[in-house]
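Peer 1: Could you look at this predicted model? Sequence included:
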Amino acid sequence: MASAVGKAVRAARSRAGLTLSQVATRSDVTQAFLSQVEHGRAMPSLLSLHRIADALGVSAQALLVDREEEVSLVRAGEGRHYERSERAGTVLERFLADGRHLMEPAEVWAAAGADSGESVSHAGEELLYVLEGRLAVVLGEDPEVELAGGDCFYYPAPIPHRWRVLGAEPARFLVIATPASF
């Protein structure tokens with residue numbers, strides 16, 4: 001925990017363009033103590049943490065959040081993969097964020113004729129954005145909605161939903177669900 005707080009303090013100080021001495025003076029702690037905090041060798045009391053946060057122009061909560069868990073970079077071709085074969089073709093999902101987050105973005109590649117299988121429903125919301133190809137999406141008992149490249153479909157996830165690829169070409173699309181469930 002001390003290491004994460006130290007990184008957060010150092011990053012906030014850098015963003016604010018302040019020196020150790022300036023932050024120490026403004027927060028009524030010694031420069032040596034502040035240096036130990038930044039290097040993860042000391043953990044400030046709650047009172048000191050609030051003073052340091054005030055000096056940096058951020059909340060104490062912002063200094064307690066582990067930015068390593070908050071930020072995720074998944075490069076092209078990387079990330080967790082999930083592959084399944086449906087009766088009509090292969091579906092490959094690549095998750096676009098690592099760690100625990102409130103939303104779950106995934107890139108889906110589906111062969112021509114592939115589908116999601118049975119309708120599913122879950123808590124939250126879902127957004128589907130078509131990058132390439134054509135899809136048909138069915139929500140509950142509603143008529144299917146046809147989507148093509150550039151189309152975006154947003155819906156409440158408790159409504160049973162499913163998709164299938166239309167035409168002879170594969171489809172590539174993004175699915176962003178919140179809350180994360182996979």
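Peer 2: Thanks, I have it.

Peer 1: Kindly tell me how buried G150 is, as a neighbour count.
Peer 2: Neighbours of G150 under the rule other Cβ atoms under 10 Å: 9. Heads up, the C-betas are built off the backbone N, CA and C, glycines and all.

Peer 1: Please enumerate the strands of the protein.
Peer 2: 81-86, 89-95, 104-110, 125-132, 134-139, 145-148, 152-156, 161-166, 171-178 (DSSP state E).

Peer 1: neighbouring contacts of the fourth one?
Peer 2: Right, the one you point to is strand 125-132. 107, 135, 137, 147-157, 161, 163, 169-178 (Cβ atoms under 8 Å, 6 or more residues apart in numbering).

Peer 1: and E107, how far is that from A16?
Peer 2: 37 Å (Cβ to Cβ, to the nearest Å).

Peer 1: which one of the two has more residues nearby?
Peer 2: Remark: of E107 and A16, E107 carries more neighbours, 19 against 14, as counted by other Cβ under 10 Å.

Peer 1: Wait, the more buried one touches E93, no?
Peer 2: Yes - under the criterion of Cβ atoms under 8 Å, E107 makes contact with E93 at 7.2 Å.

Peer 1: still on that earlier bit, which of the contacts of strand 125-132 are buried?
Peer 2: Buried subset of the contacts of strand 125-132 (neighbour count, 16 or more other Cβ atoms under 10 Å): 107, 135, 137, 147, 153, 155, 157, 161, 163, 170-173, 175-178.

Peer 1: Show the contacting residues for the nearest residue to R13 once chain neighbours are set aside.
Peer 2: Of all residues not flanking R13 in the chain, V23 sits nearest, at 5.5 Å (Cβ to Cβ, 6 or more residues apart in numbering). By Cβ under 8 Å, 6+ apart, V23 lies in contact with R13, A16, L34, I52, A55, L56.

Peer 1: Export the strands of the chain to CSV and append columns for distance to Q61 and mean pLDDT.
Peer 2: Converted to CSV, the strands of the chain look like this (distance: least, Cβ to Cβ, whole Å; pLDDT from 0 to 100):
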stretch, distance to Q61, mean pLDDT
strand 81-86, 34, 69
strand 89-95, 27, 72
strand 104-110, 24, 89
strand 125-132, 25, 93
strand 134-139, 38, 96
strand 145-148, 40, 95
strand 152-156, 30, 92
strand 161-166, 36, 95
strand 171-178, 21, 92
